[in-house]
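1. could you work out the structure for the sequence below:
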Amino acid sequence: MRRISLVISLLILGASTASSQQRDRLALQDFLDYEQVRDFFRGGGPIISPDGKQVLYTRWWVDKMNDKWKSSLWLMNADGSKNRWLLDATTARWSPDGSRIAWVAQGEPTGAQIFVKYMDAEGAVTQVTRVDYGPGAVAWSPDGKWLAFTMLVPESGSLNTSVPGKPAGATWVAEPKVVERLDYKQDYAGYSDQGHAQLFVVPASGGTPRQLTSGPWNHSAPVWSTDGKDLLFSSLRIKDAEYEWRETEIYAVNVASGEIRQITRRKGPDFGPVPSPDGKLIAYSGYDWTDDTYITNHLYVMNADGSSPREIAVGFDRTPEGVTWAHDGSGVYFSAQSEGRSDFYFAPLTGAVKKLTSGDHYLTVSSISNNGVAAATRTTASDPGNIVVFDVAAPTLHQVTDINADLLTGKRLGATEEIWYTSVDGFKVQGWIIKPPDFDPKRKYPLMLSIHGGPHGMFALATPYMWFEWQFYAAQGFVVLYTNPRGSSGYGSAFGNAIKNAYPSKDYDDLMAGVDTVLGRGYIDKDNMFVYGCSGGGVLTAWVVGHTTRFAAASAECPVINWMSFVGTTDGPGWYRNFAKLPWEDPSEHLKRSPLMYVGNVKTPTLLITGEKDLRTPMPQTEEYYSALKYLKVPTAMVRLQDEWHAYFFRPSNTMRTLSIREQWFDRYRKRPDPVP
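-> Got it, this is the predicted structure:
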């Protein structure tokens, strides 16, 4: 790709960055040429054709002139040959016979519409819908004649906001927004209470969509039954459903009659239905209801009518993702995170789970062809992400893309080392160290501790969305440490739930034990250690500086500072459930776990970075901490990212600004030897 300079007024690197920008190191401006094959926000992955011969995949790249991520749909043979651009889209789905693909793009008369393209030499394209609201989750019927999809059906509020007396030609402020739902906003989307997601079907050749569901409930992505007579979906079609926590059921709607029947009936979430090839069974995920803050999803099968539900993969204490039936109906394939990696597994209907792949990678399988060829994305410590193809019967991974080869050729990357260490209470904690490209164990290096969010998230050996960030800092001469303290996913339910009603104090103990472990290696400058994190990592960063002065500087990004003011202002009511009591019943736990209550201990220069549009950890949380730090004369600065939601990944320039400003702040407070007189 031709490189074009992007003028960014705040993107001025500190002296330490500028002086270390050697040609063989990853530099900040390289981010503008960085591409991805798996989108951080929307997920997705390569889709292999039913005959296993071709792969559709999406390449995400930075539109430098308009400061946004753009996507293009590409097509290649399954061996990686004949790799070419197909069309501008985010993702597409093959028809069951492989003759067509369906996707969503801007169309006529306006907005997103469904399109179908024949994959023959003619390549005819049909705009299938002409709807007023954008369709999503498009799914082909087994016979290829119909497309099912979700679409918002708007609903009017009960209060009339119009008033009489407006003169002709007068300019009045827009009518007020009236909110009546408990759950009414969503980060990266804004207000989410305009209506509900309903299910529709439309002829694949084009026509008028027919609505199959209705009512004050959202309905998940549709899944066709094997015989094409029903659509399976998850929802909770009961009165006051939004007040229920961790409750969903699986339903089926008859495509011909619109009759809806409930299939699952247990207390706890049931979701992700996948019918077996013969249509007799349905695989799905869920768990028995619990108030634990974290639990892994379990895997189940039931008869097609919902009878005889039973757990398979018993004892597999990891969360299955992308569940797909084997074509002989003997069991299901899935991906799962475990101990900083992700691999591919098979769960038979009876018996133990079999791990089919292994390696130092993050592997996510997104599709399997009719003849058992899988397409997946894989990230490693030296590769930010590419597509691999393999036979599920003999899983030897064959890499078929190399999309960042042009960017990384000639670049020296930092080596990644895995560590395990023992924390308080005997907990075994996993982490990784990335060392500078010219690492010399006899030298002393500054340490940068990176903390993940969630808090029930997981850093991986090669986390796709953090790969560039960590390698960039290693290129600037930092040793980067990232760990998975208790509460992290990928280590089982007990490990994840170990922070129940205790976050962030116990996570803190694990993080500090990790720092002590790396200090013991002898190559860390203990006077130049820095810490940062976003979201749950921002909470922990603020907690760290309130409980220790060992770090020279910190950057608390998109943090929660005051749980009392947070639980009612975040995008969803679920956080009320993460405390033993409601705040008006007993606020003591909310206060005890709030970093604001320890701000009087803070001596560490602490930077704050949050997006102006953040609805997950809203800006007032950052403002509370900034005001307190400023009042106490603790060195601080508040960076308010423009047109940015939660975190700093929506606008590419905001990602770059965050990396740059964070390093400038650390460089400002970096302790240097006194000059020799």
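2. and H398, how many neighbours?
-> The number of residues packed near H398 is 12, by other Cβ atoms under 10 Å. In this view, the C-beta of every residue, glycine as well, is placed from N, C-alpha and C.
3. for the stretch 301-450 of the chain, which segments count as strands?
-> Assigned strands in the stretch 301-450 of the chain, in chain order: 310-312, 320-325, 331-338, 341-348, 354-355, 362-368, 373-380, 383-391, 394-399, 416-422, 428-434, 445-451 (criterion: DSSP state E, counting those that start in this stretch).
4. within its sheet, name the partner strands of the third one and how each one runs.
-> Here strand 331-338 has these sheet partners by DSSP bridges: strand 320-325 (antiparallel), strand 341-348 (antiparallel).
5. what residues of that strand count as buried?
-> For strand 331-338, burial by neighbour count (16 or more other Cβ atoms under 10 Å) applies to G331, V332, Y333, F334, S335, A336, Q337, S338.
6. my read: the fourth one touches E321, true?
-> Yes - with contact defined as Cβ atoms under 8 Å, F334 counts as touching E321 (6.0 Å).
7. related to what we said a few turns ago, columns mean pLDDT and distance to W140 on top of the strands of the stretch 301-450 of the chain, output as JSON lines?
-> Shown next, in JSON lines, are those (pLDDT from 0 to 100; distance: least, Cβ to Cβ, whole Å):
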{"stretch": "strand 310-312", "mean pLDDT": "97", "distance to W140": "27"}
{"stretch": "strand 320-325", "mean pLDDT": "96", "distance to W140": "15"}
{"stretch": "strand 331-338", "mean pLDDT": "97", "distance to W140": "20"}
{"stretch": "strand 341-348", "mean pLDDT": "97", "distance to W140": "24"}
{"stretch": "strand 354-355", "mean pLDDT": "97", "distance to W140": "30"}
{"stretch": "strand 362-368", "mean pLDDT": "95", "distance to W140": "13"}
{"stretch": "strand 373-380", "mean pLDDT": "96", "distance to W140": "17"}
{"stretch": "strand 383-391", "mean pLDDT": "95", "distance to W140": "22"}
{"stretch": "strand 394-399", "mean pLDDT": "95", "distance to W140": "27"}
{"stretch": "strand 416-422", "mean pLDDT": "96", "distance to W140": "41"}
{"stretch": "strand 428-434", "mean pLDDT": "97", "distance to W140": "41"}
{"stretch": "strand 445-451", "mean pLDDT": "98", "distance to W140": "42"}
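8. for S594, find the nearest of those strands.
-> Closest of the strands of the stretch 301-450 of the chain to S594 is strand 445-451, at 17.3 Å (criterion: Cβ to Cβ).
9. what average pLDDT does the helix or strand just after that closest one get?
-> Counting by DSSP states H and E, the element after strand 445-451 in chain order, helix or strand, is helix 467-475. Here helix 467-475 scores 95 as its mean pLDDT.
10. same for the helix or strand just after helix 467-475, what does it pack against?
-> For helix 467-475, the succeeding helix or strand toward the C-terminus, using DSSP H and E, is strand 479-484. Packed against strand 479-484 by the contact rule (3 or more Cβ pairs under 8 Å, 6 or more residues apart in numbering; DSSP states H and E) you find strand 428-434, strand 445-451, helix 467-475, helix 505-519.
11. list of residues touching strand 479-484?
-> By Cβ atoms under 8 Å, 6 or more residues apart in numbering, the residues outside strand 479-484 that reach it are 340, 414, 429-436, 439, 445-452, 458-459, 463, 466, 470, 473-474, 490-491, 510-511, 514-515, 518, 523-524.
12. Produce a PyMOL select command limited to the buried residues of those.
-> Per 16+ other Cβ under 10 Å, the buried members of these correspond to this PyMOL selection:
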select buried, resi 340+414+429+430+431+432+433+434+435+436+439+445+446+447+448+449+450+451+452+458+459+463+466+470+473+474+490+491+510+511+514+515+518+523+524
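13. now the buried residues of strand 331-338 in TSV, with distance to K166?
-> As requested, those are exported to TSV (distance: Cβ to Cβ, whole Å):
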residue	distance to K166
G331	65
V332	60
Y333	61
F334	58
S335	57
A336	59
Q337	56
S338	62
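14. re the thing from before, now, of the strands paired with strand 331-338, which is deepest in the fold?
-> strand 341-348 (a mean of 21; mean count of other Cβ atoms under 10 Å).
15. got the angle between the helix ranked longest in the chain and helix 467-475?
-> Scanning the chain for the longest helix, with DSSP state H as the assignment, gives helix 652-668. Counting by axes from the mean of the first three to the mean of the last three Cα atoms, to 10 degrees, helix 652-668 points 30 degrees away from the direction of helix 467-475.
16. and helix 652-668, what's buried?
-> Neighbour-count burial for helix 652-668 [16+ other Cβ under 10 Å]: 652-667.
17. thinking again about what came up before, how about TSV for the strands of the stretch 301-450 of the chain, with distance to W85 added?
-> Output for those, formatted as TSV (distance: least, Cβ to Cβ, whole Å):
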stretch	distance to W85
strand 310-312	41
strand 320-325	26
strand 331-338	28
strand 341-348	28
strand 354-355	36
strand 362-368	20
strand 373-380	18
strand 383-391	15
strand 394-399	20
strand 416-422	33
strand 428-434	34
strand 445-451	35
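18. what's the closest of those strands to S220?
-> Nearest of those (Cβ to Cβ): strand 320-325, 14.0 Å.
19. neighbours around S358, how many?
-> For S358, using other Cβ under 10 Å, the count is 11.
20. list the contacts of it.
-> For S358, the contact set (Cβ under 8 Å, 6+ apart) comprises D343.
21. how far away is it from T401?
-> Computed as Cβ to Cβ, to the nearest Å, the S358 to T401 distance reads 22 Å.
22. got any ranges where the protein has weak pLDDT?
-> For the chain, residues meeting the criterion pLDDT under 70 lie at 1-21, 39-43, 674-677.
23. and the helices in it?
-> Assigned by DSSP H, the chain shows helices spanning 15-19, 405-408, 467-475, 493-496, 505-519, 536-545, 563-566, 588-592, 619-631, 652-668.
24. in space, what's closest to R266 - neighbours in sequence excluded?
-> Nearest non-adjacent residue to R266, counting by Cβ to Cβ, 6 or more residues apart in numbering: D288, 7.0 Å away.
25. shouldn't that neighbour be in contact with E247?
-> No - the pair D288 / E247 is not scored as a contact, 11.6 Å apart, by Cβ under 8 Å.
26. many thanks, have a good one.
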